[in-house]
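# Sequence unavailable; structure follows:
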């Protein structure tokens, strides 16, 4: 009799589980059709029976305001219900909310607690954020060894940010002996995945022969990749390579193109060099007015460029200077865009 009762209870439990799974499947199908109201209704039915995945999905809806009014406090509540049952995605999202103070009071220590649980389940972003917490002592005592351990776990799973941060630790000798060759190995892995900071560091390393044999051609390759991602420093350095013919054939027109892009982002050194290109007529027709305009803009950002502006002014008429100043003001009003 007892054995029969156990079998009946087990059968009933499995049937209920199938019903809950059915609610989740129906909710996911509704989400795919962008029927958010139906999806939320089905998720709630499953969540009422403590289905962790459904609780997590409801948290997501409140987090982004999909099918409901955005409510981060409510999102955190649902994430916590799911996280407590071991849902790794909910644990990660809840940790992030404690880390940033969104929907809950900011609590770095609580963030670390949830990052650990999610990281232990293999969530790469949790491993990265946990490493950062140990690296900088946020919510936990600073511990370079633990930081290195978690960075490596994320880095070996192709996480570019973890690879970059590992490179930084080897470069600075944090928790390990300084090893620039090893730093560059990790920077290169991150750079290959499109990490713009890693691409810039790698480019500079080849340009100046830091930790590697100086190679201007290789430097240009990495500057181009970073510059294409709108990194102003990379754009300026790439322009300089074209300007001086390092790693590429000298090409003033191409140098002008990259100086302009960097200058439009407020890079004072690019604005100054752009000014010289106009002054000397390199890659563009000689134009003292444009030269003064860009030199004037560069001097706003840096006193070091004021002498250059004044030297250009000595070659100009009062009318030309007034026109250049007018253009500089207009350029500022356009946030440095379309100034040529």
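Right, received. Where do you want to start? All of these numbers come straight from a predicted model, not from anything done at the bench.
# Any idea how many residues pack against the nearest residue to residue 174 once chain neighbours are set aside?
Leaving aside its sequence neighbours, residue 174 sits nearest to residue 144 (CB to CB, 6 or more residues apart in numbering; 4.9 Å). Yep, even glycine has a C-beta here, placed from its N, CA and C like the rest. Neighbour count of residue 144, defined by other CB atoms under 10 Å: 17.
# i'd like the first residue to be 685 from this point on
Right, with 685 as the first residue, what we last looked at is residue 828.
# give the contact list for residue 828.
818, 819, 853, 858, 859, 860 (CB atoms under 8 Å, 6 or more residues apart in numbering).
# one more time with 10 Å, if that's ok
818, 819, 821, 835, 853, 856, 857, 858, 859, 860 (CB atoms under 10 Å, 6 or more residues apart in numbering).
# Return a PyMOL selection command for the buried portion of those.
Of the contacts of residue 828, the buried ones go into a single PyMOL selection, burial set by 16 or more other CB atoms under 10 Å:
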select buried, resi 818+819+835+853+858+859
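# And the contacts of residue 828, which is closest to residue 953?
Each of the contacts of residue 828 was scored against residue 953 by CB to CB, and residue 856 proved nearest at 25.9 Å.
# wait, doesn't the closest one sit right on residue 867?
Yes - counting by CB atoms under 10 Å, residue 856 touches residue 867, with 8.4 Å between them.
# Phi, psi for residue 1018 please.
phi -90, psi 10 (degrees, to the nearest 10).
# To clarify, my last question referred to residue 723.
Dihedral pair for residue 723: phi -60, psi -50, per degrees, to the nearest 10.
# residues near it, how many?
Quick note: residue 723 (other CB under 10 Å) scores 23 neighbours.
# any idea how far residue 745 is from it?
Between residue 723 and residue 745 the distance is 8 Å, computed by CB to CB, to the nearest Å.
# Quick one: the helices in the stretch 835-984 of the chain, in order.
844-856, 864-876, 880-892, 900-912, 916-928, 936-947, 952-964, 972-985 (DSSP state H, counting those that start in this stretch).
# For residue 740, find the nearest of the ones you listed.
Among the helices of the stretch 835-984 of the chain, helix 844-856 sits nearest to residue 740 (CB to CB), with 23.7 Å.
# from the chain's centre, how far out does that closest one sit?
14 Å (CA atoms, centre = their mean, to the nearest Å).
# repeat for stretch 828-843
For stretch 828-843, the distance to the chain centre is 18 Å (CA atoms, centre = their mean).
# what does stretch 714-727 give?
31 Å.
# Check stretch 993-1001 too.
42 Å.
# So for it, first residue to last residue, what's the gap.
End-to-end distance of stretch 993-1001 (CA to CA, to the nearest Å): 14 Å.
# Quick one: residues in contact with it.
956, 959-960, 962-963, 972-973, 975-984, 1004-1009, 1012.
# List the buried residues for that stretch?
Buried residues in stretch 993-1001 (16+ other CB under 10 Å): 993, 996, 997, 1000.
# avg pLDDT for that stretch?
Averaged across stretch 993-1001, pLDDT comes to 93.
# In the stretch 885-1024 of the chain, where is pLDDT below threshold?
For the stretch 885-1024 of the chain, applying pLDDT under 70 flags no range at all.
# I'd like the buried residues of stretch 993-1001 as JSON lines, with distance to residue 917 and secondary structure appended.
Formatted as JSON lines, the buried residues of stretch 993-1001 follow (distance: CB to CB, whole Å; DSSP: H, G, I helix; E, B strand; the rest coil):
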{"residue": "993", "distance to residue 917": "22", "secondary structure": "helix"}
{"residue": "996", "distance to residue 917": "25", "secondary structure": "helix"}
{"residue": "997", "distance to residue 917": "29", "secondary structure": "helix"}
{"residue": "1000", "distance to residue 917": "31", "secondary structure": "coil"}
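# Brilliant, that's me finished.
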